[in-house]
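Engineer: Predicted coordinates and the sequence they were generated for:
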Amino acid sequence: MNEFLEFVNNNLQITYILILSIFVGIEVIKSIPAVLHTPLMSGANALSGVVIVGAILVMLHSAPEDYLALSLGFIAVVLGILNVVGGFAVTNRMLQMFKKKK
């Protein structure tokens, strides 16, 4: 716990930026109309792909004894893959709605 508090104390500006970006993200998402939400989700799939690649790189460059980095990287990969698959499923369903029925 002391290491975590020391890390936060040493990187206080980054912590403030993270907290501010969380609040800005929530406000931006709340103001998007429902009509634009699904097409924007397709763009978010590309960002999740970047998260997956970044998490894999973190896991590759971490020491085998660093269980925190490995577990956070694994969680990021799993959540990124879930986001990509869910986003493609929703986008595919939306596109099926616009196809002509036979």
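Structural biologist: Yep, that arrived.
Engineer: What residues does Ala63 make contact with?
Structural biologist: If you count contacts by CB atoms under 8 Å, 6 or more residues apart in numbering, Ala63 has them with Ala69. For the C-beta atoms, the positions are set from N, CA and C on the backbone; glycine is no exception.
Engineer: Provide the secondary structure category for Ala63.
Structural biologist: coil (DSSP: H, G, I helix; E, B strand; the rest coil).
Engineer: let's have the chain start at 125 instead
Structural biologist: Noted, 125 is the first residue going forward, which turns the last one into Ala187.
Engineer: how far away is it from Leu194?
Structural biologist: Ala187 is 9 Å from Leu194, where distance means CB to CB, to the nearest Å.
Engineer: Flag the helix or strand of this structure with the lowest per-element mean pLDDT.
Structural biologist: helix 158-185 (a mean of 78; mean pLDDT, DSSP states H and E).
Engineer: how distant is the helix or strand just after that one from the center of its chain?
Structural biologist: For helix 158-185, the following helix or strand on the C-terminal side (DSSP states H and E) is helix 191-221. From the chain centre to the centre of helix 191-221 is a distance of 8 Å (CA atoms, centre = their mean, to the nearest Å).
Engineer: Helix 191-221 - contacts with which helices or strands?
Structural biologist: Contact partners of helix 191-221 among helices and strands, from 3 or more CB pairs under 8 Å, 6 or more residues apart in numbering; DSSP states H and E: helix 158-185.
Engineer: quick one: secondary structure of Lys225?
Structural biologist: coil.
Engineer: where does Asp195 land on pLDDT?
Structural biologist: No Asp there; residue 195 is Ser. Looking at Ser195, its pLDDT is 91.
Engineer: again, but for Phe147
Structural biologist: 93.
Engineer: Check the gap between Gly197 and Leu144 for me.
Structural biologist: 25 Å.
Engineer: just Leu136 next, same as before
Structural biologist: 13 Å.
Engineer: Leu129 now?
Structural biologist: 20 Å.
Engineer: One more: Tyr191?
Structural biologist: 30 Å.
Engineer: Having no further points to raise, I will conclude here.
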